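Visitor: Coordinates for the following, if possible.
(one chain, ligands or ions: 1)
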Amino acid sequence: MKLLEYPDYEMLAIDVANTLAGELTAALDREGRVLLTVPGGKTPAPMFDVLCGVDLDWSRVDVMLSDERWVPEVHVRSNTKLVRERLLVGRAAKARYLPLYAKAEEPEKVLAELEVCIAEALPISILVLGMGADMHTASLFPGADGLDAALADDAPVLVPIRSSHVEDIRVSLSARVMNGAISKHLLITGEAKRAALDRARGQGAEQAPVAAILDDTMVHWAP
Ligand SMILES: O=C(O)[C@H](O)[C@@H](O)[C@H](O)[C@H](O)COP(=O)(O)O
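Guide: Coordinates of the predicted model:
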């Protein structure tokens, strides 16, 4: 794990967007298509606002989420809504979106169908994650129902997660798939998440799920 510190979040967002632009461009020089995976939540939007305007061949970029809340794509808590409004616009509107949500009461009913498109696009070229002060990443929450399955060496691509930490059923990429990424970035802000990161480095993934993805990850932090 490497840690980059920034004076403020605006500088972090601009620098990370430029870093991702460089990595996407290099990956596009090597591959026919590249897979960019991004988090939901509040942190990434300002970075998305910069990245969506970068001049690259977005028509050869697949975009998917690290995890999703099991709510309709128009719901205010939907990460798909966030990505469609803040990343898949401008030049990046030409990217292909690979959904982690389909209309069904329970994710288990449609996970196999969702995994087909994602499996074809793997491995992830560039993974961007967020983290909570409870040391979760994606939707891998400590003590969650589904966490063991998501941390297993033979984990599936997508895992349904139910946790008292959040109100929605979640669907998350497994740690195995996230660690298959060629490049990994973690975006965190504030002292609480910085302290949580320090705690996580000394714990197992069952108590600190973010620890499962920290190897070879570039952590970007702003106060
Ligand atoms: O669905 C989500 O919420 C994210 O994918 C999740 O993993 C997020 O990255 C962290 O919870 C941090 O969220 P904030 O950026 O809102 O603090």
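
Visitor: How about Val159: what's its closest non-neighbour residue?
Guide: Ala150 (4.1 Å; CB to CB, 6 or more residues apart in numbering). From N, CA and C alone the C-beta is placed, and that goes for glycine too.

Visitor: Could you report the distance from the one you found to Pro142?
Guide: Taken as CB to CB, to the nearest Å, the spacing of Ala150 relative to Pro142 amounts to 12 Å.

Visitor: Could you check which of these two is surrounded by more residues?
Guide: Ala150 (28 against 19; other CB atoms under 10 Å).

Visitor: Report the buried residues of the helix or strand containing the more buried one.
Guide: Assigned by DSSP states H and E, Ala150 belongs to helix 147-151. For helix 147-151, burial by neighbour count (16 or more other CB atoms under 10 Å) applies to Leu147, Ala150, Leu151.

Visitor: which bits of the protein sit near the ligand?
Guide: By the rule CB under 6 Å from any ligand atom, the part of the chain lying against the ligand is 39-43, 66-67, 79, 130-132, 137-138.

Visitor: pLDDT (mean, whole number) over the helix holding Ala150?
Guide: The average of the pLDDT scores along helix 147-151 is 98.

Visitor: helices or strands up against it?
Guide: When contacts are defined as 3 or more CB pairs under 8 Å, 6 or more residues apart in numbering; DSSP states H and E, helix 147-151 packs onto strand 158-161.

Visitor: quick one, what contacts the residue nearest to Asp145 when sequence neighbours are not counted?
Guide: Spatial nearest neighbour of Asp145, chain neighbours left out: Arg162 (4.2 Å); criterion: CB to CB, 6+ apart. For Arg162, the contacting residues are Ala144, Asp145, Gly146, Ile169, Arg170, by CB atoms under 8 Å, 6 or more residues apart in numbering.

Visitor: let's see it at 10 Å
Guide: Neighbour list for Arg162: Trp70, Pro107, Ser139, Phe141, Ala144, Asp145, Gly146, Leu147, Asp168, Ile169, Arg170 [criterion: CB atoms under 10 Å, 6 or more residues apart in numbering].
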